[in-house]
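Undergrad: I would like the atomic coordinates for the input below:
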Amino acid sequence: MGFFERWLTLWVLLCMVAGIGAGHFWPQGFAALGGIELAKVNLPVALLVWLMIVPMLLKIDFGALRGVARHWRGIGVTLFVNWAVKPFSMALLGALFIGHWFAAWLPAEQLHSYIAGLILLAAAPCTAMVFVWSNLCEGEPHFTLSQVALNDAIMVVAFAPIVGLLLGFSAISVPWATLALSVLIYIVVPTALAQALRHLALRGGWLAALQRRLQPVSLFALLATLVLLFGFQGERLLAQPLVIGLLAVPIIVQVYFNAGLAYWLNRLSGEDYCVAGPSALIGASNFFELAVAAAISLFGLNSGAALATVVGVLVEVPVMLSVVAIVRRSRRWYERRAVGA
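TA: Numbers count the residues shown, from 1 in each chain. Model prediction:
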């Protein structure tokens, strides 16, 4: 890793502080940027996500996707954690932390709404950002793409029933426009763009040079995204620090629990590290754009549910970077244990 990548955690912390400060001192500018959206999908953030993930998608050869079938154990583990564990473990953690242990420090009338927001956050696995996490832990890019595509397909039919079951609703109003547009913007368009660039670069013999040039762009886009996200929510952070801090606890616990479970189950199944790493990260991260839109649709913009999903947005990058660091540092342990298993 280069100097910049080695100190990435420091740059992340500085960008978080810069975003909060900028959002506080320049609220009109961030309000204007936050208002540039379509179906609850913020377009400036979407553009930065493109800059983040296109360099990763350049590594993918669609002709090699058929080889992903040999990683069926990793696919099974990820699906199990995403759909059979994560939403239900979050419901339990929300009930314990928000409903009981932290209840005395939170507004009583918002407790159920907070828990609902946490459930919405956990009920849909992340899409675009997992390409960044997978790349940082040297994961298998074809596995990551195929797993994201499979999760998107399942999400269309499973999101509403799972949320309805856990929230006790007979029917859930799924923001279909947000879901469809997010998949289009975060998966379909950048994948098509990356494949077109890859085809041109391969024909011209400059693919490796292109990847080297775009790699720093990806990391700078990640940091710029942090500044935007924390700038959008700077006022809320400064106005309700205790509430936001308490809501972050079950989210962080859930991320580490699900990442650790997926990582461990992949080792037990004999899967390779290059699959176990992204599997753990996909199993832990959340599709916060969909969660925020669903919370606003169901409970309102100023509800506790909407605030809980926003907290998920704020903790996503720093917490997932810590998971990436743990996965990278445990690689030798994982491979040694896997060989000895």
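Undergrad: How about the contacts made by the nearest residue to residue 323 once chain neighbours are set aside?
TA: Leaving aside its sequence neighbours, residue 323 sits nearest to residue 259 (Cβ to Cβ, 6 or more residues apart in numbering; 4.9 Å). Using the backbone N, CA and C atoms, a C-beta is placed for each residue, glycine as well. Listed by Cβ atoms under 8 Å, 6 or more residues apart in numbering, the contact set of residue 259 reads 280, 281, 283, 284, 323, 326, 327.
Undergrad: so what's the backbone phi/psi at the residue nearest to the fourth one when sequence neighbours are not counted?
TA: Going back to what we said before, that points to residue 284. Leaving aside its chain neighbours, residue 284 sits nearest to residue 259 (3.7 Å; criterion: Cβ to Cβ, 6+ apart). When read as degrees, to the nearest 10, the backbone of residue 259 gives phi -60, psi -50.
Undergrad: Same check on residue 161?
TA: Main-chain torsions, residue 161, degrees, to the nearest 10: phi -60, psi -40.
Undergrad: what does residue 270 give?
TA: phi 90, psi 20.
Undergrad: pretty sure it is touching residue 71, no?
TA: No: the criterion here is Cβ atoms under 8 Å, and residue 270 misses it with residue 71 at 10.9 Å.
Undergrad: higher neighbour count, the two?
TA: residue 71 (23 against 10; other Cβ atoms under 10 Å).
Undergrad: where's the dip in pLDDT among the contacts of residue 259?
TA: Among the contacts of residue 259, residue 283 has the lowest pLDDT, at 87.
Undergrad: That one: helix or strand, and which one exactly?
TA: Per DSSP states H and E: residue 283 is located in helix 273-284.
Undergrad: tell me which residues of that helix are tucked away?
TA: For helix 273-284, burial by neighbour count (16 or more other Cβ atoms under 10 Å) applies to 273, 274, 275, 276, 277, 278, 279, 280, 281, 282, 283, 284.
Undergrad: I'd like those residues as TSV, with distance to residue 10 appended.
TA: What follows is those, written out as TSV (distance: Cβ to Cβ, whole Å):
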residue	distance to residue 10
273	26
274	27
275	30
276	27
277	23
278	25
279	28
280	24
281	21
282	26
283	27
284	23
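Undergrad: And those residues, which is closest to residue 61?
TA: For these, the residue nearest residue 61 by Cβ to Cβ is residue 274; the value is 15.2 Å.
Undergrad: show me what contacts the nearest residue to the closest one once chain neighbours are set aside?
TA: With Cβ to Cβ, 6+ apart as the criterion, residue 274 has its nearest non-adjacent residue at 4.2 Å, and that residue is residue 140. Residue 140 makes contact with 71, 134, 272, 274, 275, 278, according to Cβ under 8 Å, 6+ apart.
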